[in-house]
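**Q** Sequence and predicted model, in that order:
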Protein chains: 2
Amino acid sequence: MASHDLNDTAHRILDVAEGLTQTQGFNAFSYKDIQAELGIKTSSIHYYFPTKSDLATAMVDRYIERFLEALEEIDQKHKTGLAKLQAMGRIFVGVAAAQKLCLCGMLTSDVLSLPQDGLNELRRFYKETERWIMKAITQGINDGELKDSTSLEDTAAHLLAALEGGMLVARVRKDSGYMQAVLDQALDFLGK
Amino acid sequence: MASHDLNDTAHRILDVAEGLTQTQGFNAFSYKDIQAELGIKTSSIHYYFPTKSDLATAMVDRYIERFLEALEEIDQKHKTGLAKLQAMGRIFVGVAAAQKLCLCGMLTSDVLSLPQDGLNELRRFYKETERWIMKAITQGINDGELKDSTSLEDTAAHLLAALEGGMLVARVRKDSGYMQAVLDQALDFLGK
DNA sequence: GAAAATCTATCTATAGATAGATAAAATATT
DNA sequence: AATATTTTATCTATCTATAGATAGATTTTC
């Protein structure tokens, strides 16, 4: 089910679920919490998402769709590989500033309560994002901004890991500059 | 309450709770799960840890105590800064191989369901570990193995973020070499 | 026999989920 | 165009299962 099949109410439900998941975790909120925030009964939420698994799948679907779109926009808006990586980094810095976790990062810790579909989606998220990062790094190397990499794949994996981990740690280390520092450091390693 | 005050049963309870937290998350298991694995009634578990918050605090206390001890042992067993960092990295690679998350990493995503004490403990974990990493890097620089760092603090923060994030992502990317690759890459950045 | 540890039994609250009534909107029939 | 039918959306009420927690009896240990 792609997100354009969803009506307004379904989207609003997902908005709340997404926020709650990113701040508290998937197991830490209930349909009642959504009811409280949206003024719509839990039974109506079940109408759109019969089980919580369905909710998870729809939520992560939409998130990935939007995230990948955002990466495409970055591709169009920014020219150099480094500028693209910085723009992507800014997304994560923003998430950390909101005291949130990447939705997929959070779901990755709740992974055992997800349906198999959800797991596959998460895998897709990491894979596609890493692929995008690899492309950006390659471009940066060609631009002459970034230094040659022994293993492009490992370098991309590392960058994404650092960003996901940074958001995690940032929740505890309330220090507002922390996430930016992690990002800067990671990108610095890629520079000449 | 330091972990040497705890008796055998309490330790076994914490063992199970720790395993469940690292694989499923703190909100995803119940006292009943511990009962099932340990053959001891939930009421008896409440005898040792009246509330789940108490359990969380004791669990994280013990974990940090042991982790910091492990770092001290590394300090004694290994001479160079790089060897120390590699040894620490091996701990995390082992956790990932067991399809687990760092206990503190997992609790960091469940942070809102933790008591304030627990949050402080988590903060301590990251702080102390970063401090240890800084020391090791400094030593590595003096050893001539590692290159000079602009900001020691940020470099250490980045390394820890990459490790925490790596464990997270490794759960989804079933690829068994993934975590090692992230570690190698991160350490490679520090080398000359 | 006192203290520590475990058990049985039970409570209250909440979770996710469903049945069935009802209202509102869209579509079809005359 | 007016009416009937169907579909979509929401509600009330309720179920079953499980959560964390507690009281109090019983057993084990010292």
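**A** The structure has been received and is ready for your questions.

**Q** Please compute how far the helix or strand where A:Lys127 lies lies from its chain's middle.
**A** A:Lys127 belongs to helix A:116-143 when elements are defined using DSSP states H and E. Centre-to-centre, helix A:116-143 and its host chain are 12 Å apart (CA atoms, centre = their mean, to the nearest Å).

**Q** same deal with stretch A:32-48?
**A** Distance, centroid of stretch A:32-48 to centroid of chain: 25 Å (CA atoms, centre = their mean).

**Q** cool, and stretch A:182-192?
**A** In terms of CA atoms, centre = their mean, the centre of stretch A:182-192 is set 20 Å apart from its chain centre.

**Q** Could you pull out the buried residues of that stretch?
**A** A:182-187, A:189-190 (16 or more other CB atoms under 10 Å in any protein chain shown). From N, CA and C alone the C-beta is placed, and that goes for glycine too.

**Q** do the same with stretch A:83-100
**A** Here stretch A:83-100 shows A:83-89, A:92-93, A:95-96, A:100 as buried, counting by 16+ other CB under 10 Å.

**Q** Can you give me the neighbour number for A:Asp143?
**A** 13 (other CB atoms under 10 Å in any protein chain shown).

**Q** give the contact list for it.
**A** By CB atoms under 8 Å, 6 or more residues apart in numbering or on different chains, the residues touching A:Asp143 are A:80-82.

**Q** Where does the prediction get shaky in chain A?
**A** Applying pLDDT under 70 to chain A flags residues A:1-4.

**Q** Check whether stretch A:99-117 comes into contact with chain B.
**A** Yes: looking at stretch A:99-117 against chain B by CB under 8 Å from any CB of the partner chain, the contacts come from A:101, A:105-106, A:108-113.

**Q** nearest to B:Val172, of these?
**A** Minimum distance to B:Val172 across the residues of stretch A:99-117 next to chain B is 5.4 Å, recorded for A:Thr108 (CB to CB).

**Q** picking up where we left off before, out of the buried residues of stretch A:83-100, which are inside helices?
**A** A:83-89, A:92-93, A:95-96 (DSSP state H).

**Q** Would you mind identifying the next helix or strand past the helix holding A:Lys127?
**A** helix A:152-170.

**Q** quick one: that following helix to helix B:152-170, angle?
**A** In terms of direction (axes from the mean of the first three to the mean of the last three CA atoms, to 10 degrees), helix A:152-170 departs from helix B:152-170 by 110 degrees.

**Q** And helix A:152-170, what does it pack against?
**A** helix A:81-97, helix A:103-109, helix A:116-143, helix A:178-190, helix B:103-109, helix B:152-170, helix B:178-190 (3 or more CB pairs under 8 Å, 6 or more residues apart in numbering or on different chains; DSSP states H and E).

**Q** The fifth one: how far from the chain's middle?
**A** Which is helix B:103-109. For helix B:103-109 - counting by CA atoms, centre = their mean - the centre lies 8 Å from the chain centre.

**Q** list the helices and strands it packs on?
**A** Right, helix B:103-109 is packed against helix A:103-109, helix A:152-170, helix B:8-24, helix B:52-77, helix B:116-143, helix B:152-170 by 3+ CB pairs under 8 Å, 6+ apart.

**Q** hmm, back to that, between the buried residues of stretch A:83-100, which is nearest A:Lys32?
**A** A:Lys100 (21.3 Å).

**Q** if I read this right, the closest one contacts A:Gln22, doesn't it?
**A** Yes: counting by CB atoms under 8 Å, A:Lys100 touches A:Gln22, with 4.0 Å between them.

**Q** ok, back up a step: would you turn the ones in helices among the buried residues of stretch A:83-100 into TSV with distance to DNA strand C?
**A** Listed next are these as TSV, based on distance: CB to the nearest atom of the strand, whole Å:
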residue	distance to DNA strand C
A:Ala83	42
A:Lys84	38
A:Leu85	37
A:Gln86	38
A:Ala87	36
A:Met88	32
A:Gly89	33
A:Phe92	27
A:Val93	31
A:Val95	23
A:Ala96	26
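
**Q** Of the residues you listed, which is the nearest to B:Leu160?
**A** A:Ala96 (14.8 Å).

**Q** just checking, that closest one touches A:Met179?
**A** Yes: with contacts counted by CB under 8 Å, A:Ala96 reaches A:Met179, the gap being 3.8 Å.

**Q** Can you pull the residues that touch both of those two?
**A** The overlap between the contact sets of A:Ala96 and A:Met179 (CB under 8 Å, 6+ apart) consists of A:166-167, A:170.

**Q** Considering those residues, which is situated nearest to B:Leu146?
**A** A:Gly166 (21.3 Å).

**Q** Please tell me how far A:Gln22 sits from DNA strand C.
**A** 16 Å (CB to the nearest atom of the strand, to the nearest Å).

**Q** ok, now A:Glu18?
**A** 15 Å.

**Q** What is the neighbour count of that residue?
**A** 18.

**Q** and A:Lys32, how many neighbours does it have?
**A** Neighbour number of A:Lys32 under other CB under 10 Å is 11.

**Q** Wasn't it part of a strand?
**A** No: counting by DSSP: H, G, I helix; E, B strand; the rest coil, A:Lys32 is not part of a strand but helix.

**Q** From B:Asp15, how far out is it?
**A** Note on A:Lys32: its distance to B:Asp15, by CB to CB, to the nearest Å, is 34 Å.

**Q** For the residue nearest the centre of chain A, give me its contacts.
**A** Centroid check for chain A by CA atoms, centre = their mean gives A:Cys102 as the closest residue, at 4.1 Å. Applying CB under 8 Å, 6+ apart to A:Cys102 gives the contacts A:22, A:92, A:95, A:163-164, A:167.
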